[in-house]
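1. sequence plus predicted model, see below.
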2 protein chains.
Amino acid sequence: MNCGDGIDTRQIDELFINLDPIQAGGRLTTDAMKAVLAYGDGYSVCDHCTKPFRLDHISKPPLAEFHRDLASFLHMDVARLVPGARRGFQAVASALVKPDDPVLLTAYSHYTEFLSVEQSRGIAFEIPANESHIITADAAADRIEEVIRTTGKKPALMFVEQVDYQYGNLHPVADLIRVAHQYDVPVLCNGAYTIGIMDVNGKELGADFLVGSGHKSMAAPAPSGVLATTNEWADTVFRTTGIQGDLTGRTFGVKEVEMMGCTLMGVTSVGMMASFPHVKRRVKEFDTQLQYVNRIVDALLSIIGTKVLSEYPRKHTLTRMNTTDSFDTVAKTHKKKGFFLTSALRDRGITGILAGSTRVWKFNSYGITKEQADYVAESFLEIAQTEGLPCSS
Amino acid sequence: MNCGDGIDTRQIDELFINLDPIQAGGRLTTDAMKAVLAYGDGYSVCDHCTKPFRLDHISKPPLAEFHRDLASFLHMDVARLVPGARRGFQAVASALVKPDDPVLLTAYSHYTEFLSVEQSRGIAFEIPANESHIITADAAADRIEEVIRTTGKKPALMFVEQVDYQYGNLHPVADLIRVAHQYDVPVLCNGAYTIGIMDVNGKELGADFLVGSGHKSMAAPAPSGVLATTNEWADTVFRTTGIQGDLTGRTFGVKEVEMMGCTLMGVTSVGMMASFPHVKRRVKEFDTQLQYVNRIVDALLSIIGTKVLSEYPRKHTLTRMNTTDSFDTVAKTHKKKGFFLTSALRDRGITGILAGSTRVWKFNSYGITKEQADYVAESFLEIAQTEGLPCSS
């Protein structure tokens, strides 16, 4: 079956338990699927657009209310939709970073955070992680001091990841921000792996900017995301246009420069909005998801030689494992080589781990049920036992 | 019926002939609707993403082929997907325009073109239109001369609209570009109303950059669009990242700075791709659409006092009318006031004209059938006759 010339219908989440590190939190809800059909056309949300002609003022469909709800959900003052978290990074960097300004990132910052600095012609300085793969406030303070000493400037902006993409570790963002604020450095907290999955309170974190990803963690179509900020910073990052047509005298109302006017129309905004009630509920149930991921990790750890590289017990479902001394020993002689593991998982209806991985690999169990968690855990053990690997349980 | 809390199902194009100026070319095809369901999840296109890990290299679904096809469809060397035409403007302005650089736009440039200049801190200079609402090459030459004389700099970039949003007029882009090139000014041709609707040949136009909108004219979900360029400019606007993590030594492969890495995943890219075979066919049938719009304009012009403000006969389906001396005379005494016209149209199953308009208003008949064109034309005449307006036919 296909859905257009040469485009096979994708049926991953229909047929498999999908442990893909980046896909888990972005799966559409049924309401989002209905919404993308009803609002498939981009300008479908513009039927009732009246003065002042901006996406976040449209009341039918209820986008204005959704924007207010999003800000309040994040405990921030103002929120805007953006075409992916990266476009939130871009907007903040473009508004705050001037050429040659130092900008702090972390050893686990995402490439799109770096790209936003590069586009603004800033200079990147990383805050190192400690041995437990955590970015600490002390490390941030040291790096800020060093940057000021060596460049003569305080950093124009600091990026921190609430949960990073490499280890899925939860970093002490409130502490990191407190330190940055002592030096008057504004902080963007990257919540791409947390907003929509965990309860995120921007006020408690002290974040100046909070960025989330619709398609990574809010069950929304791509590209979508949210950029929220405080009243203090809203006038900077959401400043309205001041440019004018020099002959016609045209001005452009309340369109926001860094947003490039309206941002998400149709499937993306309405998809996010349709999933939002579900998202608000599911962030309250994250502890259950932690039980499930720890159940899987515990099963893996009972295979002798296996290590968990992420912090343990897990505080997030995205997890990095090292099976060099367990599954990889099998790969050396298995006829399917390194592919034996993902192949055996696939035979059991489990997918999403990078094909061929038997050394260091990631999985994300977000969204599974208790029965599925048990099944995944047992499947790993069963594969280990089939291949003759010793297990402690 | 609704599709999520408080979100009514939209049924405009299901129940009405929709003449909305901005919606006509963006309506999804059936294949695009199937695709958005099958690829609703953003990272659904990433299942088979392998080295060098970039959207335009993914071969399943066939995004790599789609990128090549798009470039060849536009007769340009390289094409990238962007989250809306505005993000194409932004990328080009960010790459080419330095603070205080003069940038040429036209009297009909879209606000997002202005915003892209504002974001890059350039200075906007408009090329005026002539009395027929056309931007001429002579006017462009005069303005370039004036900008060089008064600022001491040649413009860093010139924006021209192939068909503008105000009048729907077709401007002499090839001539405009030829003039700009005489002064070594690179030109971005805004094809938001043409690419996907008309046959656009970037090579014949001589465009350095060609930008199209997926949700405006390519039957694709929003935000989507295309930015195409020549080999000469590709290294500038699609330059790959050079930034590095100063402690970890991390680099970020072939990700493109102005694209912020990968751009459109899931519904937007696959929706565009699913509609593309239909789009390639329909651009060949644009003459038929011109017959239909001219049929409607002729009917309107036969209502005494009515004027067409766009060029006539029409060369595009987006059309600006002036009915101040016809329908607006009725509005003065009608119990529904200015709303009588759009209300009478709606009673006849026709929608999309700004509610309450009886003076200057726009419509876009793109995508209708011959029968629908006849029906719309007759409906306007019938409403005029019902209200006692004299008609010449």
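-> That came through fine. This is a predicted model, so every value here is computed, not measured.

2. the lowest-mean-pLDDT helix or strand in chain A vs chain B: in contact?
-> Using mean pLDDT, DSSP states H and E, the weakest-scoring helix or strand in chain A turns out to be helix A:12-15, at a mean of 89. Yes - under the criterion of CB under 8 Å from any CB of the partner chain, chain B is reached by helix A:12-15 at A:Ile12, A:Asp13. C-beta here means a position set from N, CA and C on the backbone, and glycine is covered the same way.

3. check which residues of that helix are buried.
-> A:Ile12, A:Asp13 (16 or more other CB atoms under 10 Å in any protein chain shown).

4. tell me which helix or strand comes right after that helix.
-> Once helix A:12-15 ends, the next helix or strand along the chain (criterion: DSSP states H and E) is strand A:17-18.

5. which neighbouring elements make contact with that following strand?
-> On a contact count with 3 or more CB pairs under 8 Å, 6 or more residues apart in numbering or on different chains; DSSP states H and E, strand A:17-18 meets strand A:350-351, helix A:370-386.

6. find the closest residue to chain B in the stretch 1-150 of chain A.
-> Here the stretch 1-150 of chain A gets closest to chain B at one residue, A:Gly42, 2.7 Å apart by CB to the nearest CB.

7. next, the distance between the ends of stretch A:333-341.
-> Start and end residues of stretch A:333-341 are separated by 13 Å (CA to CA, to the nearest Å).

8. correction: stretch A:248-257
-> First-to-last residue span, stretch A:248-257, CA to CA: 20 Å.

9. got the phi and psi for the closest residue to A:Leu354 other than its chain neighbours?
-> Using CB to CB, 6 or more residues apart in numbering or on different chains and skipping the chain neighbours, the partner closest in space to A:Leu354 is A:Trp361 (5.9 Å). Note on A:Trp361: its backbone torsions stand at phi -150, psi 160 [degrees, to the nearest 10].

10. tell me the contacts of A:Trp361?
-> Going by CB atoms under 8 Å, 6 or more residues apart in numbering or on different chains, A:Trp361 touches A:Arg320, A:Met321, A:Thr323, A:Ile353, A:Leu354.

11. PyMOL command for the buried members of these?
-> Restricted to buried positions by 16+ other CB under 10 Å, the PyMOL selection for those reads:
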select buried, chain A and resi 320+321+323+353
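
12. contacts only, for A:Ser379.
-> Shown in contact with A:Ser379 (CB under 8 Å, 6+ apart): A:Leu345, A:Arg348, A:Ile350.

13. if I look at the second one, how far off is B:Val270?
-> It stands for A:Arg348. Using CB to CB, to the nearest Å, we find A:Arg348 at a distance of 28 Å from B:Val270.

14. out of the two, which sits in the more crowded spot?
-> Shown here are A:Arg348 and B:Val270; by other CB atoms under 10 Å in any protein chain shown, B:Val270 has more neighbours (31 against 17).

15. how about the nearest residue to that one, chain neighbours excluded?
-> With CB to CB, 6+ apart as the criterion, B:Val270 has its nearest non-adjacent residue at 4.0 Å, and that residue is B:Tyr39.

16. what's the answer for A:Leu309, then?
-> Nearest to A:Leu309 is A:Arg320, by CB to CB, 6+ apart, at 4.2 Å.

17. does A:Ile148 touch A:Ala141 like I think?
-> No - at 10.9 Å, A:Ile148 does not count as touching A:Ala141 under the criterion of CB atoms under 8 Å.

18. for the closest residue to chain B within the stretch 251-393 of chain A, helix, strand, or coil?
-> Using CB to the nearest CB, the closest approach of the stretch 251-393 of chain A to chain B is made by A:Ala274 at 3.3 Å. Following DSSP: H, G, I helix; E, B strand; the rest coil, the label given to A:Ala274 is helix.

19. burial measure for it, as a count.
-> 31.

20. how about A:Arg281?
-> Quick note: A:Arg281 (other CB under 10 Å) scores 9 neighbours.

21. A:Asn130 too?
-> Neighbourhood size, A:Asn130 [other CB under 10 Å]: 11.

22. now it. Nearest residue, chain neighbours left out?
-> A:Thr136 (5.6 Å).

23. and stretch A:256-263, end to end?
-> Here the two ends of stretch A:256-263 are set 10 Å apart, with distance taken as CA to CA.

24. so does it get close to chain B?
-> Yes - applying CB under 8 Å from any CB, one finds stretch A:256-263 touching chain B at A:Val257, A:Glu258, A:Met260, A:Gly261, A:Thr263.

25. export the residues you listed to TSV and tack on neighbour count?
-> Shown next, in TSV, are the residues of stretch A:256-263 next to chain B (neighbours: other CB atoms under 10 Å in any protein chain shown):
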residue	neighbour count
A:Val257	22
A:Glu258	23
A:Met260	26
A:Gly261	21
A:Thr263	28
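
26. please identify which of those is nearest to A:Lys280.
-> Taking CB to CB as the measure, A:Thr263 is the one of these closest to A:Lys280, at 21.4 Å.

27. interface residues of the stretch 51-200 of chain A facing chain B?
-> A:60-62, A:65, A:83-84, A:86-87, A:89-90, A:94, A:105, A:107, A:109, A:111-112, A:114-119, A:124-126, A:128.

28. buried subset of those?
-> A:61-62, A:83-84, A:86-87, A:89-90, A:94, A:105, A:107, A:109, A:111-112, A:114-119, A:124-126.

29. show me what contacts the residue of the stretch 1-150 of chain A closest to chain B?
-> A:Gly42 neighbours (CB under 8 Å, 6+ apart): A:Met265, A:Gly266, A:Val267, B:Gly26, B:Gly214, B:His215, B:Lys216, B:Ala220, B:Pro221, B:Ala222, B:Pro223, B:Ser224.

30. again with A:Arg54
-> A:Gly253, A:Val254, A:Lys255, A:Glu256, A:Gly261, A:Cys262.

31. same question for A:Thr306.
-> Per CB under 8 Å, 6+ apart, neighbours of A:Thr306: A:Leu300, A:Met321, A:Asn322, A:Thr323, A:Asp325, A:Ser326, A:Phe327.
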